[in-house]
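Peer 1: no sequence for this one, just the structure:
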C-alpha cells in the first residue's frame with residue numbers, strides 16, 4: 001500500500017489582514033488618481049513602487065495592487081526593470097468619452113423638463129445656490145470651481161432619476177477629470193462656466209427642454225474643443241500653478 005505524504009501548507013492569512021491590505025490598496029489607488037487629476041503626476045512621469053510606498057507610508061503590496069488597477073484603467077504602464085510611467089493622454093478616447101457624456105447629459109435635461117415623479121428637485125435647488133448667484137459672490141478658486149463644475153453635471157444626470165445612467169456618467173466623469181481640471185486654469189473659462197451653467201439651470205427650471213439641451217450641448221462642445229488644444233506644456237504649467 002502506498003503511503004500518503006503529508007504536505008505542509010502555509011498558514012492562511014487572517015481575514016482581517018486581507019481586508020486591511022484591500023483597504024490600503026483602495027486608499028493608494030484613490031490617492032494616485034488624485035495625484036493625476038491634480039497634476040502631481042503628469043504624462044511621462046516615471047516612478048517606482050518604493051518611491052510611492054515611502055511617500056504614502058505604506059508597504060509595497062497595496063501600492064502594487066493599486067498600480068495594477070490603474071494600469072487596467074489606462075493611467076499607467078509598467079516599464080521593464082525600471083518602474084512605472086504615467087501614460088500619455090489618449091485623445092481619441094477622450095473624444096469618445098465626451099460624445100458619451102453629451103448623450104447622457106442631454107437625455108437627462110430633457111427628462112428634467114418633463115413631468116416625471118422621479119426627478120429630484122432638491123438636487124436642482126442645491127445647484128441654483130451655487131451657480132445662480134451675483135457676480136460678486138462667484139468663486140475664483142480654480143480647484144473649487146472645477147469640483148463644483150463636475151458636481152453640477154453629475155447632479156443633472158442624478159436628478160433625472162435613472163440610477164444606471166448616473167453610474168455610467170460618474171465613470172465617464174472620473175476618466176475625463178484631468179482634462180476638465182485643465183479647463184479651469186484660466187479665469188475666462190471660469191467666468192464662462194458660471195454664465196453657461198446659469199443659462200442651463202434657468203432653462204431647466206422653466207421646463208424648456210430643447211433650449212436646455214441646446215445650451216448644454218454648446219457648453220460641452222466648447223469644453224471638448226479646448227481638449228483638442230491641450231499640450232504637455234500646459235499640463236506642466238498647471239502643475240507649477242498647483243504647487244504655488
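Peer 2: Okay, I see it. Predicted model, so just to flag it, every value in this text is computed and none were measured. Residues are numbered from 1 along each chain as shown.

Peer 1: can you list the low-confidence ranges for the chain?
Peer 2: Applying pLDDT under 70 to the chain picks out residues 1-22, 185, 231-244.

Peer 1: where along it do the strands fall?
Peer 2: 46-47, 76-79, 83-86 (DSSP state E).

Peer 1: save these as TSV, and put in distance to residue 128 too.
Peer 2: For the C-beta atoms, the positions are set from N, CA and C on the backbone; glycine is no exception. Below are the strands of the chain laid out as TSV (distance: least, C-beta to C-beta, whole Å):
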stretch	distance to residue 128
strand 46-47	43
strand 76-79	39
strand 83-86	38
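
Peer 1: so which of those comes closest to residue 38?
Peer 2: strand 83-86 (12.8 Å; C-beta to C-beta).

Peer 1: that older thread, deepest in the core, which of the strands of the chain is it.
Peer 2: Mean neighbours per residue, mean count of other C-beta atoms under 10 Å, is largest over those for strand 83-86, with a mean of 19.

Peer 1: what does that strand contact?
Peer 2: Residues from elsewhere that reach strand 83-86 (C-beta atoms under 8 Å, 6 or more residues apart in numbering): 36, 41-49, 51, 67, 75-79.

Peer 1: what about the nearest residue to residue 98 once chain neighbours are set aside, neighbour count?
Peer 2: Of all residues beyond its chain neighbours, the one nearest residue 98 is residue 224 (4.5 Å), with distances taken as C-beta to C-beta, 6 or more residues apart in numbering. Per other C-beta atoms under 10 Å, the neighbour tally for residue 224 reads 18.

Peer 1: and residue 163, by the same measure?
Peer 2: 10.

Peer 1: swap in residue 116?
Peer 2: By the criterion of other C-beta under 10 Å, residue 116 has 11 neighbours.

Peer 1: now do the one 5 residues further on
Peer 2: The burial count assigned to residue 121 is 10, neighbours taken as other C-beta under 10 Å.

Peer 1: next: the one 3 residues further on.
Peer 2: When neighbours are counted by other C-beta under 10 Å, residue 124 registers 16.

Peer 1: so what's the nearest residue to it once chain neighbours are set aside up against?
Peer 2: Spatial nearest neighbour of residue 124, chain neighbours left out: residue 159 (5.6 Å); criterion: C-beta to C-beta, 6+ apart. If a contact means C-beta under 8 Å, 6+ apart, then residue 159 has 108, 112, 119, 120, 121, 123, 124 as its contacts.

Peer 1: circling back: quick check: the residue nearest to residue 98 touching residue 97?
Peer 2: No. Shown here, residue 224 and residue 97 do not form a contact pair, counting by C-beta atoms under 8 Å, at 9.7 Å.

Peer 1: returning to that earlier point: roughly how far apart are the residue nearest to residue 98 and residue 102?
Peer 2: 8 Å (C-beta to C-beta, to the nearest Å).

Peer 1: now the residue sitting nearest the centre point of the chain: how far from residue 205?
Peer 2: In the chain, the C-alpha nearest the mean C-alpha coordinate belongs to residue 174, at 2.5 Å (C-alpha atoms, centre = their mean). Look at residue 174 and residue 205: by C-beta to C-beta, they are 28 Å apart.

Peer 1: what sits up against stretch 65-79?
Peer 2: Residues outside stretch 65-79 that contact it (C-beta under 8 Å, 6+ apart) are 21-22, 25-26, 28-29, 32-33, 36, 46, 49, 52, 84-87, 90, 93, 175.
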